[in-house]
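Chemist: Just a sequence and a predicted model for now, questions to come.
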Amino acid sequence: MTPFTHLAAVAMPLARPNLDTDQIIPSRFLSRDRDDGTMGEVLFRDLRFTAEGGERPEFVLNQEPYRTAKIIVGERNFGCGSSREAAVWALYDYGFRAAIAPSFGDIFRNNCFKNGLLPVVLPREAVETLMAQFQAMPGGAVSIDLPAQIVTFPDGATHEFDIDPFGKECLVNGVDELGYTLTLRDQIAAFENRYGRTNA
């Protein structure tokens, strides 16, 4: 995974509470191999496209300047529903690196940490303010400083956020849980040696 420290990018508003993982990536696409590079193509497939494959111009990701957004701003319970990890893969493979919302589905949030996508929880009032700023300043940039745990809105206002310390460490260092464990090989080997001598 790519380490996440600072990000300043266009943020895309998606004003849909209880956006579930089937809306993020419909179940019929779950058999795709992530390595073939097509997960991003089916992100929000049924919201972005008609049954015939044409773009839905009213969907925000099909509008400028949001096509290249790297931050998604959602409403409460973002990523609820099934536990499919492919929902995070689709967001990441399309180009998103962070999601901001008042709350996330628990499994979705955990999958974010495992796959390099930063989930930022802000108070509902702050997210509503951010959504309003997008109305006034379409394409406004949002800045995220993960080490300092600060989000800067398009109007320059800053908001602190809490984050799981272990998840933060993994994102900052660009490792998943297995990668983190592998960084402890020397300590694990030393423990095994001590344990082996004690029980010999």
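Modeler: Ah, there it is.

Chemist: contacts, neighbours, all on C-alpha from now
Modeler: Noted.

Chemist: Just give me the residue closest to the centre of the chain.
Modeler: residue 117 (3.5 Å; CA atoms, centre = their mean).

Chemist: Next, count neighbours for residue 51.
Modeler: Residue 51: 8 surrounding residues under other CA atoms under 10 Å.

Chemist: now do residue 167
Modeler: Neighbours around residue 167, by other CA under 10 Å: 20.

Chemist: That one contacts residue 112, correct?
Modeler: No. Using CA atoms under 8 Å, residue 167 is not in contact with residue 112; the gap is 9.1 Å.

Chemist: any idea how far stretch 92-102 is from the chain center?
Modeler: The chain centre lies 4 Å from the centre of stretch 92-102; the measure is CA atoms, centre = their mean, to the nearest Å.

Chemist: Contacts for it, please.
Modeler: Residues from elsewhere that reach stretch 92-102, judged by CA atoms under 8 Å, 6 or more residues apart in numbering: 37-41, 43, 68-78, 91, 115-124, 127.

Chemist: average pLDDT across it?
Modeler: Across stretch 92-102, the average pLDDT comes to 97.

Chemist: for stretch 25-42, same thing?
Modeler: Rounded mean pLDDT across stretch 25-42 is 91.

Chemist: mind saving the C-alpha coords of that stretch as CSV?
Modeler: The C-alpha trace of stretch 25-42 is given here as CSV (Å, rounded to 0.1, in the frame of the first residue of the first chain):
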residue,chain,number,x,y,z
ILE,A,25,-20.1,-2.3,-6.0
PRO,A,26,-23.0,-4.5,-7.1
SER,A,27,-22.7,-8.1,-6.1
ARG,A,28,-22.6,-9.3,-9.7
PHE,A,29,-19.1,-7.9,-10.0
LEU,A,30,-17.6,-9.5,-7.0
SER,A,31,-16.1,-12.4,-9.0
ARG,A,32,-13.7,-10.0,-10.8
ASP,A,33,-10.0,-10.4,-10.1
ARG,A,34,-8.7,-7.2,-8.5
ASP,A,35,-5.4,-7.7,-10.2
ASP,A,36,-7.0,-7.2,-13.7
GLY,A,37,-7.4,-3.5,-12.8
THR,A,38,-11.2,-3.2,-13.5
MET,A,39,-12.6,-2.7,-10.0
GLY,A,40,-12.6,1.0,-10.4
GLU,A,41,-14.7,0.7,-13.6
VAL,A,42,-17.6,-0.8,-11.7
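
Chemist: Let me see the residues that make contact with that stretch.
Modeler: Here stretch 25-42 makes contact (CA under 8 Å, 6+ apart) with 43-46, 86-87, 89-95.

Chemist: Can you tell me the closest non-neighbouring residue to residue 140?
Modeler: Among residues not flanking residue 140 along the chain, residue 154 sits closest, at 5.3 Å (CA to CA, 6 or more residues apart in numbering).
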